[in-house]
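S.K.: Got a predicted structure plus its sequence, pasted below:
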Amino acid sequence: MARDFEKLLSGFVNRIEESSTLRMAQMARNLKAKGYDVINLSLGEPDFDTPQHIKDAATAALNAGITKYTPVAGLLELNQAIVEKFKRDNNIEWATENIVVSNGSKQSFANVCFALINPGDEVVIFSPYWVSHYEIVKMTGGVPVEVKAGIDQNYKITAQQLEKALSPRTKMLVFSSPCNPTGSVFSKEELEAFAEVLQKYPDVIIVSDEIYEYINFTGNHTSIGSLPSVADRTVTLNGFAKGFAMTGWRIGYMGAPKEIAKACVKFQGQVTSGASSFGQYASSVALRSDLKPTFDMVKAFKKRRDLLISLVKDIKGMKCNKPEGAFYLFPDISAFFGKSYGKTKIKTAEELCEYLLNHAHVALVGGEGFGAPNCLRISYAASDQDIRKAMNRIKEALEELKYT
Ligand code: PMP
């Protein structure tokens, strides 16, 4: 007799939402396996390959026998390169004892959440948010407090909104800039306004996810951790996945106050230990090398953003803004809710995405998982040709939707 293993699953795991990005990617793969020409604009990864000199450094590290466990907090070589990087790019002064390297910046975020949040603690999250920020906070028993910004404010929260959301129960504040899913970038002035508001809440820890730091079309990235009034309580997260096209390498890191870094090492030491040794070595080379390959990639992303915006403007009912970073467009598509194809009425962004996957063979992600049910996310980490083809097909499929 087959056993019902689902019945055995823990309440903890059942409370976690399935990742909507990974779900769409799987549906796209299934359709592709059936022979359809599916264009996947659902994933958060550069379509470029890791630069050759970084791959060569990993090969050299393997050949030199850098194949053993590393300290949990990371290879000293990489920790030192990160200290230099924080100083060079971010105007943040950390020592090696403040650095923790992890198996991707997703793990860095999980570390800091499990190290700090007690059940019932409030965590203020700027919305639209990155799916895992919200879900990992929930895993710890923390209470996410969303502060929402719509397309009319370029998806950017104001300092007044932040002030309203903070309370004596707030333990942590979380946001990404450049932002996944909106591509919005906070300027120095905007971050200073947040820092000002936070003066009234000296115990709130700021977690700034800067994984898209380099993919910024304004030419200016400011880290909130560089602002003197909040520098000592800001945890800055970063990693190699996006800026160096190293998603599969699984190397991320944080710079944090010493006690928090130590707590993260304790937690990570029990769940995974140090990240891959040769990956860490190659990552230190990545940080210390010329960033030209990164900036070439950023140039390509900027051109694609402009191309995608021009194509979206041609689609009636899709409302978009002009994001300043990352590689996503986050249009409001609520104008299509209530329209039908055949007997099926589209009521949600996820239903619209499913329709577009099945009818236009383009994979996108509904905004629900990002806290924005009126929107969907289009990743433009794809070739110009695929972007054009995908948007043509989307336009045609959307024109077929009718009020019945
Ligand atoms: N933070 C944000 C905002 C992201 O978009 C992502 C990847 N989608 C991550 C963290 C995770 O990055 P990594 O691959 O380093 O775990």
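M.R.: Arrived safely. Numbers count the residues shown, from 1 in each chain.

S.K.: contacts, neighbours, all on C-alpha from now
M.R.: OK.

S.K.: low pLDDT regions in the stretch 1-150 of the chain?
M.R.: 1 (pLDDT under 70).

S.K.: Run through the helices of it in chain order.
M.R.: For the stretch 1-150 of the chain, the helices defined by DSSP state H, counting those that start in this stretch cover 11-14, 20-33, 52-63, 76-85, 105-116, 131-139.

S.K.: Reduced to three states, what does the residue nearest to residue 248 when sequence neighbours are not counted come out as?
M.R.: Among residues not flanking residue 248 along the chain, residue 241 sits closest, at 7.3 Å (C-alpha to C-alpha, 6 or more residues apart in numbering). For residue 241, the secondary-structure state derived from DSSP: H, G, I helix; E, B strand; the rest coil is coil.

S.K.: of all the helices of the stretch 1-150 of the chain, which lies closest to residue 247?
M.R.: When the helices of the stretch 1-150 of the chain are compared by C-alpha to C-alpha, helix 105-116 sits nearest residue 247, at 10.3 Å.

S.K.: now the angle from the closest one to helix 131-139?
M.R.: Per axes from the mean of the first three to the mean of the last three C-alpha atoms, to 10 degrees, the angle that helix 105-116 makes with helix 131-139 is 30 degrees.

S.K.: Show me what helix 105-116 is packed against.
M.R.: Secondary-structure packing of helix 105-116 (3 or more C-alpha pairs under 8 Å, 6 or more residues apart in numbering; DSSP states H and E): strand 99-102, helix 131-139, strand 234-239, strand 252-255, helix 258-271.

S.K.: what about stretch 242-258, average pLDDT?
M.R.: Confidence for stretch 242-258, expressed as mean pLDDT, is 98.

S.K.: before we move on, the earlier item: identify the residues contacting the residue nearest to residue 248.
M.R.: 45, 104, 211, 247, 248, 249, 250, 251, 252 (C-alpha atoms under 8 Å, 6 or more residues apart in numbering).

S.K.: Can I get the buried part of the residues you listed as one ChimeraX selection?
M.R.: Selection of the buried residues among these in ChimeraX, burial being defined by 16 or more other C-alpha atoms under 10 Å:
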select :45,104,211,247,249,250,251,252
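
S.K.: picking that back up, would you format the helices of the stretch 1-150 of the chain as CSV with distance to residue 305 and mean neighbour count included?
M.R.: Shown next, in CSV, are the helices of the stretch 1-150 of the chain (distance: least, C-alpha to C-alpha, whole Å; neighbours: other C-alpha atoms under 10 Å):
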stretch, distance to residue 305, mean neighbour count
helix 11-14, 37, 10
helix 20-33, 20, 16
helix 52-63, 26, 16
helix 76-85, 28, 20
helix 105-116, 25, 22
helix 131-139, 22, 21
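
S.K.: What number of residues are in the vicinity of residue 15?
M.R.: The local packing of residue 15 (other C-alpha atoms under 10 Å) involves 11 other residues.

S.K.: From residue 9, how far out is it?
M.R.: Noted for residue 15: a distance of 10 Å to residue 9, by C-alpha to C-alpha, to the nearest Å.

S.K.: Next: residue 3.
M.R.: In terms of C-alpha to C-alpha, residue 3 sits 13 Å off from residue 9.

S.K.: More neighbours: the two, which one.
M.R.: For the pair residue 3 and residue 9, the greater number of neighbours falls to residue 9 (10 against 7), based on other C-alpha under 10 Å.

S.K.: Write out the residues of the stretch 51-200 of the chain neighbouring the ligand.
M.R.: Residues of the stretch 51-200 of the chain found near the ligand (C-alpha under 6 Å from any ligand atom) are 104, 105, 106, 130, 176, 180.

S.K.: correct me, but the fourth one touches residue 182?
M.R.: The reference is to residue 130. No - the pair residue 130 / residue 182 is not scored as a contact, 9.3 Å apart, by C-alpha atoms under 8 Å.

S.K.: for the host helix or strand of residue 162, packing partners?
M.R.: Here residue 162, judged by DSSP states H and E, is contained in helix 159-165. For helix 159-165, the packing partners by 3+ C-alpha pairs under 8 Å, 6+ apart come out as strand 143-148, helix 188-198.

S.K.: give me the number of residues near the residue nearest to residue 332 when sequence neighbours are not counted?
M.R.: Nearest residue to residue 332, sequence neighbours excluded (C-alpha to C-alpha, 6+ apart): residue 375, at 4.3 Å. For residue 375, the number of neighbouring residues by other C-alpha under 10 Å comes to 28.

S.K.: And residue 375, how far from the ligand?
M.R.: Using C-alpha to the nearest ligand atom, to the nearest Å, residue 375 is found at 17 Å from the ligand.

S.K.: ranges for the strands of the stretch 301-404 of the chain?
M.R.: Along the stretch 301-404 of the chain, counting by DSSP state E, counting those that start in this stretch, strands occupy 328-329, 340-341, 344-345, 362-363, 365-366, 376-379.

S.K.: For these, give me JSON lines that also has mean neighbour count and mean pLDDT.
M.R.: Below are the strands of the stretch 301-404 of the chain laid out as JSON lines (neighbours: other C-alpha atoms under 10 Å; pLDDT from 0 to 100):
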{"stretch": "strand 328-329", "mean neighbour count": "27", "mean pLDDT": "98"}
{"stretch": "strand 340-341", "mean neighbour count": "16", "mean pLDDT": "94"}
{"stretch": "strand 344-345", "mean neighbour count": "16", "mean pLDDT": "94"}
{"stretch": "strand 362-363", "mean neighbour count": "28", "mean pLDDT": "96"}
{"stretch": "strand 365-366", "mean neighbour count": "28", "mean pLDDT": "96"}
{"stretch": "strand 376-379", "mean neighbour count": "27", "mean pLDDT": "97"}
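
S.K.: re earlier: if I look at the residue nearest to residue 248, how far off is the ligand?
M.R.: From residue 241 over to the ligand the distance is 5 Å, taken as C-alpha to the nearest ligand atom.

S.K.: before we move on, what about residue 128?
M.R.: When distance is defined by C-alpha to the nearest ligand atom, residue 128 is 11 Å away from the ligand.

S.K.: burial measure for that residue, as a count.
M.R.: 30.

S.K.: who touches it in this structure?
M.R.: By C-alpha under 8 Å, 6+ apart, the contact set of residue 128 is 148, 149, 155, 181, 182, 370, 371, 372.
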